[in-house]
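Colleague: test case, fold it:
(chains A, B, C and D)
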Protein chains: 2
Amino acid sequence: MGTTSKALSLLRLFSSSQPEIGLTELSRQSGMNKATVYRLMSDLAEHGFVEQVGADRMYRIGPGVMRLAVLREATVPLRSIAKEHVRSLAEEIGETTHVSQVSSGELSTLTYAYSAKHGTRVTMEDAERLPFHATSSGLAVLTYSNAALVDAILSKPLDKRTPHTIVDPLQIRGELKRISERGYAESVSGFEQDVHSVAAPIFAGGVTVCGALAIAAPVGRVNGALRSRMIAAVQDRARMITDIMGGAMPVSPDSA
Amino acid sequence: MGTTSKALSLLRLFSSSQPEIGLTELSRQSGMNKATVYRLMSDLAEHGFVEQVGADRMYRIGPGVMRLAVLREATVPLRSIAKEHVRSLAEEIGETTHVSQVSSGELSTLTYAYSAKHGTRVTMEDAERLPFHATSSGLAVLTYSNAALVDAILSKPLDKRTPHTIVDPLQIRGELKRISERGYAESVSGFEQDVHSVAAPIFAGGVTVCGALAIAAPVGRVNGALRSRMIAAVQDRARMITDIMGGAMPVSPDSA
DNA sequence: ACCATTGGTTCATATAATAAACCGATATGG
DNA sequence: CCATATCGGTTTATTATATGAACCAATGGT
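Modeller: So this is what the prediction gives:
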C-alpha cells in the first residue's frame, strides 16, 4: 500500500464512538509501526486534517477538513439539501429520518433528524458507517451500484448484526432485484433489533447513486397505515432530492 | 517533503474559484511531476477525498471529506454555531457577516450571511483564504496567535491588495498591540477597495484562538453610528460564540 | 520504588516514490 | 482532412524516502 493511502486510512479509524485516539492506539488498530504512525499523523496534523489536544496528546479530526467540506458543499450541496428534507420529513411522518452518502465503497450517515411526536424514537450516531447488507439505506444504494461494488460487498463474509440480519449473498441479490422493481428498500430488525426502516436511493450528476434517504421507526409502531406512508414519503422525497441534485433514476439498475 | 504532505498539499489547490482541476494543471500548479500527481490523486480518490467527474476527468473535492467534517462538527461544532450567529447578526446590523477559521497557519471563510436590508452588500466566496495582514479577521486572529505564527506571516513579503493595504511589518505589529487593547480589529479598504470591516477573535478549548467573527459593509455606508454598532455587536457576538465553544479570552495576548 | 504505559526519537536498512519518455485518444486549426 | 498540440494515463530504471526495532523521557498506577 502506498504511503499516502496509509496516512488516509488512519483517518478512517476515527468515529463518533471513538473521536479521539492516541498514538499507540492508532498504531495498534492500524497494525502499523508506531514510528510510522507518528510521522503520518504529523503530516496530517501539519495540514490540519488532525490536531492534538489536551495533555495526553490525543489526536482528533482537525479544522482543515472543514475548508474542504465547505468547498465540496459549494459544488455538490447534498448535505445542506438533505438537511432540510430530513427535518421536514421527520416532522411529517413523526419518525427519525436520515440521509447517508456513499464514498469509497462505504456508506455513512450524512445528516439526520428526530421527530418530537413520540417519546421513543430511533436514535442515530454522527458519521456512522452503515453496512450495506443490513440496512435499508445500504440495500437501496447497493441496488443501483455497479456490479463491482456489489460483488466486493457480497464476497466478504457479512456480519450478522441481529438474528434477523440476512447474510446469504444469494438471498440479498434476490432482494436487490425486488428493490429495483418496487423502488424502495426495507429492513426489519436487520441492523438494530427494534428498528424498522424503509429507504430510497438518491442520484446525483446523472444516474450515479450517491446515497439514500431513509425513515426509521420502532418496530412496534409500524402498522400497515404508517408503513404505507413511510414508503410513499421516502420515495417521493428521494426523488425530490435527486431532482435538485441534478440526478435521475436509471431506467434499469446497475448504473455503471 | 514527505509523500503524504505532497498529496495533501494538492488539495490546497482547490478553491471556490477553481473547484475542478485537471491532471496536467495540477502538475503545473504544484510543480510536481505529472506521474507523481497522478499517483497521489489516485490515492486521494481511492479514499474519497477527491473524485473525477465528466468526460474530461477533472478532479474535484470528493464525498469522503463530508464524513470527516460531520465528525469534526460533532466534537467542535464551530461552523454550526457560527452559522446561527452569523445569520442573526447580519439581520441585526443589516450588513454582511462571516466567521473564519484558522487551520495550519491559514485563515479561511467558514460560513457567512447576507442581509436583505440594502441593495448593495459585501459579497463573500466559499472557503476563501483570507490574508492575515489585509483583513480585519486576519488581524484579529493574529493578535492572539503565538509569536511563531506572527513571525512566519510577517517575515514573508505581504501582498499589497489595494493602495490602502498595510504591508509594513512594524506598522502591523503596532496595529496588533492596539487591537489587543481595544478588543476588535478594523480594516478599511485593506482587502477589497470598497469594504470596511470590523472583526473580533473567537477562542475555543481554552485560550487558543480558532477564528474570528467579522462584519463587512460598503465603505460609503459606514458612518459613525453604524461603525459603533458594528464594533459593539461583533465583540459581543464573538464573546458569545467563544463561551459556547468553551473558550476564553486570554488575559494577555500571545496565547501559546 | 517499581513496572507498565504513554508519546516521541534514532538510524541502518529496505522499500516505495520519482521523473523522463512514451502511448493512445481527443481536440484544434490551417 | 491531415498535422499538431494537449490531454489523461502508463512504464521503468534510478534514487530518495519510508520503515521498524530499539531506545528515551515522562507519567501514572500498584
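
Colleague: show me which residues of the stretch 51-200 of chain A sit near DNA strand C.
Modeller: A:52, A:56, A:57, A:58 (Cβ under 7 Å from any atom of the strand). C-betas here are computed from N, CA, C, even on glycine.

Colleague: and with 6 Å instead?
Modeller: residue A:57 (Cβ under 6 Å from any atom of the strand).

Colleague: could you list the low-pLDDT ranges of the stretch 51-200 of chain A?
Modeller: Applying pLDDT under 70 to the stretch 51-200 of chain A flags no residue at all.

Colleague: who in it is up against chain B?
Modeller: Proximity of the stretch 51-200 of chain A to chain B (Cβ under 8 Å from any Cβ of the partner chain) is limited to residues A:53, A:60-76, A:78-79, A:101-104, A:106, A:108-111, A:126-127.

Colleague: just the buried ones among these, please.
Modeller: Among these, those classed as buried by 16 or more other Cβ atoms under 10 Å in any protein chain shown are A:53, A:60-74, A:76, A:78-79, A:101-104, A:106, A:108-111, A:126-127.

Colleague: just the ones in helices from the residues you listed, please.
Modeller: A:64-74, A:78-79 (DSSP state H).

Colleague: helix, strand, or coil at the residue in the stretch 101-250 of chain A that DNA strand D sits nearest to?
Modeller: Nearest residue of the stretch 101-250 of chain A to DNA strand D (Cβ to the nearest atom of the strand) works out as residue A:148 at 15.7 Å. Following DSSP: H, G, I helix; E, B strand; the rest coil, we place residue A:148 in the helix state.

Colleague: give me the residue at the spatial middle of chain A.
Modeller: residue A:108 (2.3 Å; Cα atoms, centre = their mean).

Colleague: need the contact list for residue A:61.
Modeller: A:11, A:14, A:19, A:49, A:50, A:51, B:68, B:71, B:72, B:75 (Cβ atoms under 8 Å, 6 or more residues apart in numbering or on different chains).

Colleague: now do the helices in chain A.
Modeller: A:3-11, A:23-30, A:34-46, A:64-75, A:78-93, A:136-143, A:147-155, A:169-182, A:224-244.

Colleague: the second one and DNA strand C, are they touching?
Modeller: Yes. Where contact is defined by Cβ under 6 Å from any atom of the strand, part of helix A:23-30 touches DNA strand C, namely A:23, A:24.

Colleague: chain neighbours aside, what residue packs nearest to the one residue in chain A that gets nearest to DNA strand C?
Modeller: Going by Cβ to the nearest atom of the strand, DNA strand C is nearest to residue A:22 of chain A, at 2.4 Å. Leaving aside its sequence neighbours, residue A:22 sits nearest to residue A:58 (Cβ to Cβ, 6 or more residues apart in numbering or on different chains; 5.2 Å).

Colleague: any idea how chain A splits into domains?
Modeller: According to automatic domain parsing, chain A comprises the domains A:3-66, A:76-244.

Colleague: could these be laid out in CSV, adding distance to residue B:249?
Modeller: CSV is the format used below for the domains of chain A (distance: least, Cβ to Cβ, whole Å):
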stretch, distance to residue B:249
domain A:3-66, 20
domain A:76-244, 30
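
Colleague: which non-adjacent residue is nearest residue A:129?
Modeller: residue A:108 (5.0 Å).

Colleague: tell me what that neighbour is bridged to.
Modeller: Note on residue A:108: beta-bridge partners by DSSP bridges are residue A:101, residue A:129.

Colleague: does residue A:191 really touch residue A:128, like I thought?
Modeller: No. Under the criterion of Cβ atoms under 8 Å, residue A:191 is not in contact with residue A:128, lying 10.2 Å apart.

Colleague: neighbour count: the two, which is higher?
Modeller: Each of residue A:191 and residue A:128 has its neighbours counted (other Cβ atoms under 10 Å in any protein chain shown); residue A:191 has more, 22 against 18.

Colleague: what's near enough to touch that one?
Modeller: Applying Cβ under 8 Å, 6+ apart to residue A:191 gives the contacts A:130, A:131, A:134, A:135, A:161, A:162, A:165, A:197.

Colleague: at 7 Å what do you get?
Modeller: A:134, A:135, A:161 (Cβ atoms under 7 Å, 6 or more residues apart in numbering or on different chains).

Colleague: near the closest residue in space to residue A:169 that isn't next to it in sequence, how many other residues are there?
Modeller: Computed as Cβ to Cβ, 6+ apart, the closest residue to residue A:169 that is not its neighbour in sequence is residue A:154, at 4.2 Å. Using other Cβ under 10 Å, the number of residues around residue A:154 comes to 19.

Colleague: who touches the residue nearest to residue A:183 when sequence neighbours are not counted in this structure?
Modeller: Once flanking residues are discounted, residue A:183 sits nearest to residue A:235: 5.5 Å by Cβ to Cβ, 6+ apart. Neighbour list for residue A:235: A:183, A:184, A:200 [criterion: Cβ under 7 Å, 6+ apart].

Colleague: residue A:48 now?
Modeller: Contact analysis of residue A:48 by Cβ under 7 Å, 6+ apart lists A:62, A:63, A:64, B:103, B:104.

Colleague: from the residues you listed, pick the one nearest residue B:87.
Modeller: residue A:63 (21.0 Å; Cβ to Cβ).

Colleague: residues near residue A:5, how many?
Modeller: 16.

Colleague: pLDDT value on it, please?
Modeller: Looking at residue A:5, its pLDDT reads 97.

Colleague: for the residue nearest to it when sequence neighbours are not counted, give its distance to DNA strand D.
Modeller: Closest residue in space to residue A:5, ignoring its immediate chain neighbours: residue B:43 at 5.1 Å, by Cβ to Cβ, 6+ apart. Per Cβ to the nearest atom of the strand, to the nearest Å, residue B:43 is found 12 Å from DNA strand D.

Colleague: per-residue pLDDT, residue B:43?
Modeller: pLDDT, residue B:43: 97.

Colleague: sorry, back to before: ok, which of the contacts of residue A:48 also contact DNA strand D?
Modeller: Applying Cβ under 6 Å from any atom of the strand to the contacts of residue A:48, none is adjacent to DNA strand D.

Colleague: format those residues as TSV; extra columns: distance to residue A:86.
Modeller: Below are the contacts of residue A:48 laid out as TSV (distance: Cβ to Cβ, whole Å):
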residue	distance to residue A:86
A:62	27
A:63	25
A:64	27
B:103	28
B:104	32
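
Colleague: tell me which of the residues you listed is nearest to residue B:245?
Modeller: residue A:63 (12.1 Å).

Colleague: list the contacts of the closest residue in space to that closest one that isn't next to it in sequence.
Modeller: Closest residue to residue A:63 apart from its sequence neighbours, by Cβ to Cβ, 6+ apart: residue B:103 at 3.9 Å. Residue B:103 makes contact with A:48, A:62, A:63, A:64, A:67, according to Cβ under 7 Å, 6+ apart.
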